[in-house]
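Need a 3D model of the sequence below.
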Amino acid sequence: MSSTLSYKPATLAHLDVIADLEAKSYHPDEAASREQLANRIKYATESDPNLFLVAWQGETIAGFVCTTLGAAPLVTDESMKAHDPNGKTVCLHSVCVNPQVRRQKVATRLMAHWIQVLKDSSKYNRIALLSRPNLIGLYESVGFKNSGKSQVVHGPDPWYDCILELQ
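Numbering: from 1, shown residues only. Here you go, the predicted model:
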């Protein structure tokens, strides 16, 4: 498989593969449901297609980033359930990579491309996410700053707030 990535907005036609990758990437208590993912694709389609971006290697989905918009400066329980089309914080909920292409820097390349697209758009103030301790290094490598342990409880283990200012 080629290591070249191309990027396209997610559509509902991609939902089966996206839901499968989400389930393979997160603990069952943490993974977004098929319905949540479908709603996030719809939100992105209506607000900004780059809010749910899919990376492709040839004809295979290599990974995706999935978000909502929020008014708060951090990811909140509310931002995981709802989308504020006027929000200026991009709340990053999922970064998933196809197991067949893991360890090929797909997440890093996907995020670097996506972050640049968001910066170029000048629509948003920041990207906020929740990270497990073992992934903070990945997020820091593309510009995020660890802000400490999050108040959000989602799943069995603690999360850490990470922020990347876009402006």
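
And the helices in the protein?
For the chain, the helices defined by DSSP state H occupy 15-25, 34-47, 77-81, 106-121, 136-141.

Check the offset of the fourth one from the chain's centre.
This means helix 106-121. On the basis of C-alpha atoms, centre = their mean, to the nearest Å, helix 106-121 sits 11 Å off its chain's mean C-alpha point.

Can I get it as PDB, trimmed to CA atoms?
Extracted as PDB, the C-alpha positions of helix 106-121 are listed here (Å, rounded to 0.1, in the frame of the first residue of the first chain):
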ATOM      1  CA  VAL A 106      -0.700   8.500   9.500                       C
ATOM      2  CA  ALA A 107      -2.000  10.300  12.600                       C
ATOM      3  CA  THR A 108       0.800  12.800  12.600                       C
ATOM      4  CA  ARG A 109       0.500  13.500   8.900                       C
ATOM      5  CA  LEU A 110      -3.300  13.700   9.000                       C
ATOM      6  CA  MET A 111      -3.300  16.000  12.000                       C
ATOM      7  CA  ALA A 112      -0.600  18.300  10.600                       C
ATOM      8  CA  HIS A 113      -2.600  18.600   7.300                       C
ATOM      9  CA  TRP A 114      -5.900  19.200   9.100                       C
ATOM     10  CA  ILE A 115      -4.400  21.700  11.600                       C
ATOM     11  CA  GLN A 116      -3.000  23.700   8.700                       C
ATOM     12  CA  VAL A 117      -6.400  23.700   6.900                       C
ATOM     13  CA  LEU A 118      -8.100  25.000  10.000                       C
ATOM     14  CA  LYS A 119      -5.400  27.700  10.500                       C
ATOM     15  CA  ASP A 120      -5.800  28.800   6.900                       C
ATOM     16  CA  SER A 121      -9.500  29.100   7.300                       C
END
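
who touches that helix?
Residues outside helix 106-121 that contact it (C-beta atoms under 8 Å, 6 or more residues apart in numbering) are 5, 7, 48, 50, 53, 55, 57, 62-65, 90, 95, 97-98, 124, 127, 138-139, 141-143, 164, 166. All C-beta atoms are positioned from the backbone trio N, CA, C, and that covers glycine.

let's see it at 6 Å
5, 7, 50, 53, 55, 62-63, 65, 95, 97, 124, 142, 166 (C-beta atoms under 6 Å, 6 or more residues apart in numbering).

same thing with the second one?
Applying C-beta under 6 Å, 6+ apart, the external contacts of helix 34-47 come out as 10, 12, 15, 18-19, 51-52, 66, 83, 85.
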